[in-house]
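**Student:** Mind folding the following:
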Amino acid sequence: MLQAQAEIETLNERALLVRCQQGDRTSFDPIVLRYMRQATAFALGWTGNQQDALDLSQEAFARAYSSIRTFDATRSFFPWYHRILKNLCLNHMASAARRHEVPLVDREEFQHAGLTPEQHAEREELRRQVWQALRRLDPSHREILILREFQQLTYAELSTVLEIPRGTVMSRLHEARQKLRRQLEPMLTSQEPRGYGDD
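**Tutor:** Purely as a prediction, here's the structure:
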């Protein structure tokens, strides 16, 4: 049932893309609606800022549409779009680094009921350090972690989006997790509770 539904969605997507290539701009709207949430989540993993992620996702869709005539409509749209979005995110991060900016997750995300100001500050600092650790990874490792851990893509979906074999997906993801863990070890060690026998 799910496979049949996926096949229908693929056929519908291809038909929409062909109409886009023929000049029907409105046919691109369902494509944007289908992938906007996934695209924004991916960009958020790179930028740490909801507004930046939304802006970059929209810019990537605009660029995809302007180049739609060069797209092979027999192929899946998202991997092609994903490359456009990833390049925009990389450029954005490089620009932010040159300005010495440290993008953070929007503060609204942390306005949970019951948190004291101290708990709020601790949680925000923890999230900031995680983002910093992610940004210290090389792009291929950062990318696969974002897609797997934030967007919950399956190995098959990762293979399609990244255009690499399933075995490479598994090995790259394992390596990325190991490197992130090493980045976070100093932070986690410093937060371990001290024992009664500690000085």
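
**Student:** Now stretch 68-79: buried residues?
**Tutor:** Using 16 or more other CB atoms under 10 Å as the test for burial, stretch 68-79 gives 68, 71, 73, 77-78. For glycine as for every other residue, the C-beta is placed from the backbone atoms N, C-alpha and C.

**Student:** For those residues, please prepare JSON lines with the additional fields pLDDT and distance to Leu16.
**Tutor:** Formatted as JSON lines, the buried residues of stretch 68-79 follow (pLDDT from 0 to 100; distance: CB to CB, whole Å):
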{"residue": "Ile68", "pLDDT": "95", "distance to Leu16": "10"}
{"residue": "Phe71", "pLDDT": "94", "distance to Leu16": "12"}
{"residue": "Ala73", "pLDDT": "87", "distance to Leu16": "9"}
{"residue": "Phe77", "pLDDT": "93", "distance to Leu16": "9"}
{"residue": "Phe78", "pLDDT": "91", "distance to Leu16": "13"}
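
**Student:** nearest to Glu163, of those residues?
**Tutor:** Closest to Glu163 out of the buried residues of stretch 68-79 is Phe78 (11.2 Å), distances taken as CB to CB.

**Student:** The closest one and Ile31 touch, don't they?
**Tutor:** No - with contact defined as CB atoms under 8 Å, Phe78 and Ile31 do not form a contacting pair (9.3 Å).

**Student:** Quick one: list the elements packing against the one helix or strand Leu33 maps to.
**Tutor:** Using DSSP states H and E, Leu33 sits within helix 29-47. Counting contacts by 3 or more CB pairs under 8 Å, 6 or more residues apart in numbering; DSSP states H and E, helix 29-47 is packed against helix 2-21, helix 50-66, helix 77-98, helix 139-145.
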